[in-house]
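> I'd like to go over a predicted model; first the sequence, then the structure.
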Amino acid sequence: MKVCVLASGSSGNCTFIELSGMKILVDAGISAKRIVHTLNEIGEDIDEIEGVFLSHEHSDHVKGVPNLLEKYQLRLFSNRETLQRLPIQVPFHQWYELTSDPFQMGDVIVQPFSVNHDAANPIAFTFQNHQESVGVVTDIGSVTNLVREQLTHVNVLVIEANYDYQMLMNGPYPWDLKQRIASRLGHLSNEDTAKLIAELVHPSLEYVFLAHRSENNNDEFLCKDTIQQILAQNNVPLPPIAMTYQRKRSILFHRS
């Protein structure tokens, strides 16, 4: 199993996952050129990527899709509502329609599931084989029972920690944007994320990537500190945590 967040933030999101030989991208919100270059940095080849799984249609998740589909003939996995809002026509043979039903790719079971965000039909994912699983959840305004249920047993979790509440409220954004971010259809705060992680910690949760961190309304050290404090207050052991970044990739988690 390999997981690397190639980029994460309001300007672009893309995560690489390898599981049981299946190599995929979740979202492609940075340029195809940067995706290819960053994959090469971790020893991976774009020609071995089986497809791109889209969480929703916002530009910071789909910017690189047109070139990836045209130049590298990648398959696109999305629900119909997301597809209809893309700025391109996707050839039928390159599109796989996602529903709420799990499906199998080789030895991997892919489970899309609904999340709360201000998009047409936003989803998150788990990818699971017989021994291990990865969950990828960003752009989520509130934690539902479905989210908890789907993430209960993952071994590696990519979860957003978008903003610090005080930084957001005291920051430069207009009030309507602040309300949108903090709403149940917006994003998770550091505190929201910490409480969710505290619920999800189990002996086999090996790694947590903190994703989609705002450059204007959050701080790397504040983000980590909030999560450490809340887990400590709940007597929950802190799993290994890695930050993700807008302009550079995260560490590469690799378990052979």
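Yep, that arrived.
> which residues in the stretch 51-200 of the chain form strands?
Remark: strands assigned in the stretch 51-200 of the chain by DSSP state E, counting those that start in this stretch are 51-53, 75-78, 95-97, 103-105, 108-114, 123-128, 133-137, 156-160.
> Would you quantify the distance from Met169 to Ala182?
According to CB to CB, to the nearest Å, Met169 stands 8 Å off from Ala182. To be clear about C-beta, it is placed using only N, CA and C from the backbone, and glycine gets the same treatment.
> For the two, indicate the residue with more neighbours.
Using other CB atoms under 10 Å as the criterion, Met169 and Ala182 rank with Ala182 on top: 19 against 13.
> closest to Leu146 out of the strands of the stretch 51-200 of the chain?
strand 108-114 (5.8 Å; CB to CB).
> Which of the helices or strands spans Cys223?
helix 220-233 (DSSP states H and E).
> got a list of contacts for that helix?
The contact list for helix 220-233, computed with CB atoms under 8 Å, 6 or more residues apart in numbering, reads 161, 164, 167, 190-191, 193-195, 197-198, 201, 210, 213, 237-238, 241, 243.
> got the end-to-end distance for stretch 242-255?
End-to-end distance of stretch 242-255 (CA to CA, to the nearest Å): 15 Å.
> Any chance you could list what contacts stretch 100-108?
19-22, 50, 109-114, 127-130.
> CA atoms only: put it into CSV for me.
C-alpha atoms of stretch 100-108 as CSV (Å, rounded to 0.1, in the frame of the first residue of the first chain):
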residue,chain,number,x,y,z
SER,A,100,-23.5,4.5,-3.8
ASP,A,101,-22.9,0.8,-4.5
PRO,A,102,-19.4,-0.7,-3.9
PHE,A,103,-17.6,-2.3,-6.9
GLN,A,104,-14.5,-4.3,-7.4
MET,A,105,-11.3,-3.3,-9.3
GLY,A,106,-9.0,-6.4,-9.2
ASP,A,107,-8.6,-7.2,-5.5
VAL,A,108,-9.8,-3.8,-4.3
